[in-house]
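# Structural data only, the sequence is not supplied:
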């Protein structure tokens, strides 16, 4: 079901039996849309969470790729913050890839009670998503980047079920490269643990886009709890890993947040 939140259109998924009082706001990975979050949304709702998945791409410029191409990390964070403010509720922010890093970055904002990053983009790490011949030209023109192909695409969706991959590939869209470039250059500020809400990072131990050694260093720098999924790559929002992702997120939230605030 889609609803209006301020100037955003958002998919809202309500559980049959509400177990948790705080809603979850989802922030997507590069090149992905709300369709790619469907498995994660379903698992969260079945577990008792109310989930919001705003369409940040449309809000950035009615879906036009030139507007998307000009969107930087600060602009993306501002969009997420605007959507949260429009809800007028305390929330948990959960993101995948660049969306995970965005969740960590806005964890110091008043309405954010916890932030969960799934296979997040890493500051000062040149993601393989940018290491393509066409990338530099697109970034210089401030144009949108095309989705990965070939080996990078296989790595990107390695943990997706084989029957889902054709649909997932078809649904990938051009996206902002400036956010990823700023991240790789270390120009993104992530608040330290003393400045922010509790934060969790979940990552597969075989993820080429968020390598575990670098993730460990990053988690230590910002004071985030780290959970590693053995034998998993980047697509931990798919059916092969999402049950573990949701259970680890719930365990973390129950340990770090006041039960009177969290439980419905």
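Received the coordinates, thanks. Quantities reported herein were computed from a predicted structural model and do not represent experimental measurements.
# can you give me the helices in the stretch 151-264 of the chain?
165-171, 178-184, 212-222, 242-256, 259-262 (DSSP state H, counting those that start in this stretch).
# looking at it, residue 10 is touching residue 54, isn't it?
Yes - if you go by Cβ atoms under 8 Å, residue 10 and residue 54 touch, sitting 4.1 Å apart. From N, CA and C alone the C-beta is placed, and that goes for glycine too.
# Neighbour count: those two, which is higher?
Using other Cβ atoms under 10 Å as the criterion, residue 10 and residue 54 rank with residue 54 on top: 28 against 23.
# okay, and the common contacts of residue 10 and residue 54?
Taking Cβ atoms under 8 Å, 6 or more residues apart in numbering as the criterion, residue 10 and residue 54 both touch residue 83.
# So which of the helices of the stretch 151-264 of the chain is the most surrounded?
helix 178-184 (a mean of 21; mean count of other Cβ atoms under 10 Å).
# what does it contact?
30, 69-73, 76, 98, 101, 121-127, 129-130, 139, 142, 145, 188.
# Return the residues in contact with residue 3.
Here residue 3 is in contact with 9, 10, 12 (Cβ under 8 Å, 6+ apart).
# Work out for me the element it sits within.
Using DSSP states H and E, the element containing residue 3 is strand 2-5.
# One more: residue 26?
Using DSSP H and E, the element containing residue 26 is strand 24-27.
# Pull up the pairing partners for that strand, direction included.
Partners of strand 24-27 in the sheet, by DSSP bridges, are strand 51-54 (parallel), strand 91-96 (parallel).
# Need the winner for burial among those.
Of these, strand 91-96 is the most buried (mean count of other Cβ under 10 Å), at a mean of 26.
# Thought residue 51 was touching residue 18, still the case?
No - using Cβ under 8 Å as the test, residue 18 is too far from residue 51 to be in contact (11.4 Å).
# burial of residue 13, as a residue count?
Neighbours of residue 13 (other Cβ under 10 Å): 20.
# Where in the protein is the helix or strand with the lowest mean pLDDT?
When each helix and strand of the chain is scored by mean pLDDT, DSSP states H and E, helix 65-69 comes last, with a mean of 49.
# Surely residue 84 is within a strand?
No - looking at residue 84 with DSSP: H, G, I helix; E, B strand; the rest coil, it is helix, so not inside a strand.
# Please identify which of the contacts of residue 3 is nearest to residue 199.
Checking those against residue 199 by Cβ to Cβ gives residue 10 as the nearest, at 22.9 Å.
# Quick check: phi and psi on that closest one?
Dihedral angles of residue 10 (phi, psi; degrees, to the nearest 10) stand at phi -130, psi 140.
# who's in contact with it?
Contacts of residue 10 (Cβ under 8 Å, 6+ apart): 2, 3, 4, 52, 53, 54, 55, 83.
# How about the contacts made by residue 82?
Here residue 82 is in contact with 6, 7, 8, 59 (criterion: Cβ under 8 Å, 6+ apart).
# who's in contact with the spatially closest residue to residue 197 that is not a sequence neighbour?
Of all residues not flanking residue 197 in the chain, residue 107 sits nearest, at 4.7 Å (Cβ to Cβ, 6 or more residues apart in numbering). Under the criterion of Cβ under 8 Å, 6+ apart, the neighbours of residue 107 are 93, 114, 115, 191, 196, 197, 199.
# out of the helices of the stretch 151-264 of the chain, nearest to residue 40?
helix 242-256 (5.5 Å).
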